[in-house]
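S.K.: what's the 3D shape of this:
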Amino acid sequence: MQCQKDKNSKSCQCTYEDCPRKGICCECLKYHLKNKELPACCFSKEAEKTYDRSFEKFIEENKKIE
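M.R.: Okay, here's the model as predicted:
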């Protein structure tokens, strides 16, 4: 499979401008999972700007209000 970096970069939610993995989703996912995190695309724009990519933040953001 050929990487679609240019296409992926257009919709990448990562706000870290100097990220070397921007648009390279497989490398981004591998990097963040290794660090026990999730990539920016798993979070809302507001949550992503906090740079808290933890599983806990993901759960907190996605809790259903009952």
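
S.K.: Tell me which helix or strand in this protein has the weakest average pLDDT.
M.R.: Every helix and strand of the chain was ranked by mean pLDDT, DSSP states H and E. The lowest is helix 45-48, at a mean of 88.

S.K.: What residues of it count as buried?
M.R.: Residues of helix 45-48 classed as buried: Ala47, Glu48 (neighbour count, 16 or more other C-beta atoms under 10 Å). Yep, even glycine has a C-beta here, placed from its N, CA and C like the rest.

S.K.: Not counting its own residues, what contacts it?
M.R.: Defining contact as C-beta atoms under 8 Å, 6 or more residues apart in numbering, one finds that helix 45-48 is touched by Gln13, Cys14, Thr15, Ala40, Lys57, Glu61.

S.K.: Just those residues: which are in helices?
M.R.: Secondary structure from DSSP state H places Lys57, Glu61 of the contacts of helix 45-48 in helices.

S.K.: Name only those of the contacts of helix 45-48 that count as buried.
M.R.: Under a neighbour-count criterion of 16+ other C-beta under 10 Å, the subset of the contacts of helix 45-48 counted as buried comprises Cys14, Ala40, Lys57.

S.K.: pLDDT score assigned to the last one?
M.R.: Lys57 is assigned a predicted lDDT (pLDDT) of 93.

S.K.: next one: the least confident helix or strand of the chain to chain centre, how far?
M.R.: Its chain's C-alpha centre lies 10 Å from the corresponding centre of helix 45-48 when counted by C-alpha atoms, centre = their mean, to the nearest Å.

S.K.: List the residues that contact the closest residue to Asn8 other than its chain neighbours.
M.R.: Nearest-residue entry for Asn8: Gly23, 4.1 Å, with adjacent residues in sequence omitted and distances by C-beta to C-beta, 6 or more residues apart in numbering. Under the criterion of C-beta under 8 Å, 6+ apart, the contact list for Gly23 reads Gln4, Lys5, Asp6, Lys7, Asn8, Ser9, Cys12.
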